[in-house]
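1. Compute the structure for the input listed below.
(chains A and B)
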Amino acid sequence: MHIPDGYLSPQTYVPLYAVFAGFLAAALRKLRKSLSSKTVPYLGMAAAFSFLIMMFNVPIPGGTTGHAVGAGIVTLLLGPWVAMVSVSVALIIQALIFGDGGITAIGANCFNMAVVMPFVALWVFKLVRGKAAGGWRVSAAAFLSGYLGLVAASLVTAVEFGIQPLIASEGGKPLYAPYGLEIAVPVMTVEHLVLFGIIEGAITLLVLRYFLKNDPESVYVMKEERV
Amino acid sequence: MNSFQKKLLAGLIVLAVVAPVGIFLPAAFNAGDAWGEWSTETLEKMIGFIPAGLKKTADLWKAPIPDYNLGDEKSSFTTQALSYILSGAVGIALCALILYLLSRFLFKKDD
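-> Numbering: from 1, shown residues only, chains lettered A, B, ... in the order given. Prediction:
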């Protein structure tokens, strides 16, 4: 899901840089208010977790590969603003040091995986969990928040790819990403619906259960209700 | 850092050590690039040409460790696997460092 350089036209990646910058500024303001000495070590670990989990490429036999992002579980544990900052840091390191995702596409990639995904994950979790304090509803909410968070990120990414032939072609030939919405959207969303999203959902569920057992006080989404 | 957090850190290091699974599995199942992340050569094979704008921007950036690999695509699996583990370690270190500095900066400005 890391869009490389050359696949997005400037009229796509420049606005996405601006949108991402706006969200990042808001996230840093939120963090300044909520940061405590206990959460500081978690920030670096959240970024590192996301960084590492994205290295686990999962194959569709004979086809493409994909991976989980970890933004869902980071959101459930630490909140969407922390997820935004930590996943963005992981993505920026991947682009600058490892060439995974383009330099011009940093705004787009961070928007897709570090902005869209945390908010969809949070929204889905709250919706499915309702007022449950534990049990199957919390588990279902955790799985679906990771699953749908990743699927939403893949859909937004696919739309960014798919509009390129429409907005940037010359003499009938695409200048950037060559496949239109009718290919990009089904291919990307289906592969995330049937495989990568399930992995993201399972990771989200397992890690949340681990935290609820060992450090329940620090879990962001369970804490909110008590305030 | 409390003992639970130390345990988590150990877990992250384990993830980095087993990360080569992420290059082994795609190779074993004959899976290629992620969708939309093709090199210009691969794309040319797929559609018969390299889009003009893409050609101009594709190689804009020379990453120090491209594709988490210190060798190249033809390097032995051992070289690639060790590069991958090292990349994971570099990732952990940079994530920790950047977020530590960022939180110090955010804390300092707090009044």
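2. hang on, A:Ile183 packs against A:Ala158?
-> No. A:Ile183 sits out of contact with A:Ala158 when judged by C-beta atoms under 8 Å, with a separation of 9.0 Å. Yep, even glycine has a C-beta here, placed from its N, CA and C like the rest.
3. Between those two, which is the more surrounded one?
-> Each of A:Ile183 and A:Ala158 has its neighbours counted (other C-beta atoms under 10 Å in any protein chain shown); A:Ala158 has more, 26 against 15.
4. Surely the more buried one is in a helix?
-> Yes. Membership of A:Ala158 in a helix is supported by DSSP: H, G, I helix; E, B strand; the rest coil.
5. list the contacts for it?
-> Listed by C-beta atoms under 8 Å, 6 or more residues apart in numbering or on different chains, the contact set of A:Ala158 reads A:181, A:184-185, A:187-189.
6. Of those, which ones also sit close to chain B?
-> By C-beta under 8 Å from any C-beta of the partner chain, the members of the contacts of A:Ala158 lying near chain B are A:184, A:187-188.
7. Which stretches in chain A count as strands?
-> A:58-59, A:65-66, A:169-170, A:173-174 (DSSP state E).
8. is the third one anywhere near chain B?
-> When you say that, I think you mean strand A:169-170. Yes. Contact of strand A:169-170 with chain B (C-beta under 8 Å from any C-beta) involves A:Glu170.
9. Partner strands of that strand and their direction?
-> strand A:173-174 (antiparallel) (DSSP bridges).
10. Can you give the contact residues for the strand it pairs with?
-> Residues from elsewhere that reach strand A:173-174 (C-beta under 8 Å, 6+ apart): A:164-165, A:168, B:49, B:51-52.
11. Now the host helix or strand of B:Arg104: buried residues?
-> B:Arg104 belongs to helix B:77-108 when assigned by DSSP states H and E. Within helix B:77-108, the residues scored as buried using 16 or more other C-beta atoms under 10 Å in any protein chain shown are B:80-92, B:94-96, B:98-99, B:102-103, B:106.
12. CA atoms only: put stretch A:170-190 into PDB for me.
-> The C-alpha trace of stretch A:170-190 is given here as PDB (Å, rounded to 0.1, in the frame of the first residue of the first chain):
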ATOM      1  CA  GLU A 170      -1.700  12.900 -22.600                       C
ATOM      2  CA  GLY A 171      -2.900  11.800 -26.100                       C
ATOM      3  CA  GLY A 172      -4.900   9.000 -24.500                       C
ATOM      4  CA  LYS A 173      -1.900   7.600 -22.600                       C
ATOM      5  CA  PRO A 174      -1.700   7.900 -18.800                       C
ATOM      6  CA  LEU A 175       1.200  10.000 -17.400                       C
ATOM      7  CA  TYR A 176       1.300   8.300 -14.000                       C
ATOM      8  CA  ALA A 177      -0.500   5.200 -12.500                       C
ATOM      9  CA  PRO A 178      -1.900   3.600 -15.600                       C
ATOM     10  CA  TYR A 179      -4.900   1.600 -14.200                       C
ATOM     11  CA  GLY A 180      -8.300   3.300 -13.800                       C
ATOM     12  CA  LEU A 181     -10.700   3.000 -10.900                       C
ATOM     13  CA  GLU A 182     -12.500   0.000 -12.500                       C
ATOM     14  CA  ILE A 183      -9.300  -2.000 -12.000                       C
ATOM     15  CA  ALA A 184      -7.600  -0.400  -9.000                       C
ATOM     16  CA  VAL A 185     -10.600  -0.400  -6.700                       C
ATOM     17  CA  PRO A 186     -11.700  -4.000  -7.100                       C
ATOM     18  CA  VAL A 187      -8.200  -5.400  -7.100                       C
ATOM     19  CA  MET A 188      -6.900  -3.500  -4.000                       C
ATOM     20  CA  THR A 189     -10.100  -3.800  -1.900                       C
ATOM     21  CA  VAL A 190     -10.700  -7.500  -2.600                       C
END
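13. Around residue 26, how many other residues sit close by?
-> Picking chain A for this. Count around A:Ala26 with other C-beta under 10 Å applied: 13.
14. should've been chain B
-> 22.
15. okay, residue 109: pLDDT?
-> Here I'm looking at chain A. On pLDDT, A:Asn109 comes in at 98.
16. Let me rephrase: I mean chain B.
-> 49.
17. mind showing which ranges of chain A have poor pLDDT?
-> Counting by pLDDT under 70, the ranges of chain A that qualify are A:224-227.
18. Low-confidence stretches in chain B?
-> B:108-111.
19. distance of the residue positioned nearest the centre of it from A:Phe56?
-> Closest residue to the average C-alpha location of chain B: B:Tyr68 at 5.0 Å, with C-alpha atoms, centre = their mean. According to C-beta to C-beta, to the nearest Å, B:Tyr68 stands 12 Å off from A:Phe56.
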